[in-house]
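In: coords below, sequence missing:
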C-alpha cells in the first residue's frame, strides 16, 4: 500500500530535513518529502526569492497529491500551489504563516511592513553584511510580550539541527529575500486548512484570524515561532492530517 505523501516547506530558518527535526518521526507512516526552496542550498549560491518557482517546487513534489505542511515564508509557496492545483492538495497545515499580502490593510501587518519597508527600499545600495545587520537590528526592536523577539527576528532563528553555514552565506541569503508583502497571494484555496500559531506575535495572530474567518481551523500552542518543534504542535499536525486521511 502506498503511503500518503506529506510535503514540508521551510521558512528562512533552515531548509530540507534539518528544518523539521520533530517531523522526521512521520516518515514511518507517510511518504515525507522535505523541500528546499529556491536559493536554499548548501552548495549552490543563494539567489533571489522566486515565489512562482517555489510554488512549482511544491506542485512537482506533490506528484499525484498529498498534504502540505509549511512554516513562515514557506506558507507563501504552499498557498500558491494550493490555489493553482487544489486537486493535488489534500490539506494545508500552516505554521505561523507569513501571508502578509492577505492582511495588507490590517493593523499588525501594516506596522510590520512600515517598520521594514525603508530598509528594503535601499537594499540595492547595501552590502549583504550591512543589510543583514540592519535587518536583524530592526527586527530585534519588534519585541513580542515579555521581551521575546519580534516576528522578523523569530523568522531568522535557526533550528538546532541546521548544517553550519558561513556568516557571509547567511547574510547573502537574507539580503536576497523579497519582502513577504510582495507575494502574489490574494485568494484562499478551498482545501482543509489548519493554522498553528504561538500566541506571542500579533502579526501571526492577525493572519491566522483572517484565515480562520475563511474556514480554516486555528490552534494556538506555546511553541513560539516554531510550534512544530513542540510536542503539542507536532501532535496537532499529526492529528489533523490523520483526520483528513480518515475522512474526518
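Out: The structure has been received and is ready for your questions. Remember, it's a predicted structure, so these values are computed and weren't measured experimentally.

In: what are the ranges of the strands in this structure?
Out: Using DSSP state E, the strands of the chain run over 5-9, 31-34, 66-71, 89-95, 193-197, 217-220.

In: The fifth one to strand 66-71, inter-axis angle?
Out: Which is strand 193-197. Put simply, strand 193-197 runs at 20 degrees to strand 66-71, going by axes from the mean of the first three to the mean of the last three Cα atoms, to 10 degrees.

In: picking up where we left off before, which one of the strands of the chain lies nearest to residue 122?
Out: strand 66-71 (28.5 Å; Cβ to Cβ). In this view, the C-beta of every residue, glycine as well, is placed from N, C-alpha and C.

In: Please, where are all the helices along the chain?
Out: 51-62, 74-84, 107-121, 128-140, 151-155, 167-176, 202-213, 231-245 (DSSP state H).

In: ok, residues contacting the first one?
Out: Going back to what we said before, that points to helix 51-62. Residues from elsewhere that reach helix 51-62, judged by Cβ atoms under 8 Å, 6 or more residues apart in numbering: 5, 7, 9, 33, 35-38, 68, 74, 76-78, 80-81, 84-85, 88-89, 178, 183-184.

In: Buried ones in it, by neighbour count?
Out: 51, 54-59, 61-62 (16 or more other Cβ atoms under 10 Å).

In: circling back: need the strands of the chain in TSV with mean pLDDT, distance to residue 232 and mean neighbour count, can you?
Out: Formatted as TSV, the strands of the chain follow (pLDDT from 0 to 100; distance: least, Cβ to Cβ, whole Å; neighbours: other Cβ atoms under 10 Å):
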stretch	mean pLDDT	distance to residue 232	mean neighbour count
strand 5-9	98	18	26
strand 31-34	98	20	18
strand 66-71	98	15	27
strand 89-95	98	12	25
strand 193-197	98	9	25
strand 217-220	98	9	17
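
In: Make TSV out of those strands and add distance to residue 138.
Out: TSV is the format used below for the strands of the chain (distance: least, Cβ to Cβ, whole Å):
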stretch	distance to residue 138
strand 5-9	26
strand 31-34	30
strand 66-71	22
strand 89-95	23
strand 193-197	22
strand 217-220	26
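
In: wait, which of these is closest to residue 166?
Out: Residue 166 lies closest, by Cβ to Cβ, to one member of those: strand 31-34, at 22.5 Å.

In: these two touch, right, residue 16 and residue 10?
Out: Yes - with contact defined as Cβ atoms under 8 Å, residue 16 reaches residue 10; the gap is 7.3 Å.

In: Just want to know which of the two has more residues nearby.
Out: With neighbours defined as other Cβ atoms under 10 Å, residue 16 and residue 10 compare such that residue 10 has more, 26 against 18.

In: quick one: that one from residue 22, how far?
Out: According to Cβ to Cβ, to the nearest Å, residue 10 and residue 22 sit 13 Å apart.

In: between those two, what contacts are shared?
Out: Counting by Cβ under 8 Å, 6+ apart, nothing touches both residue 10 and residue 22.
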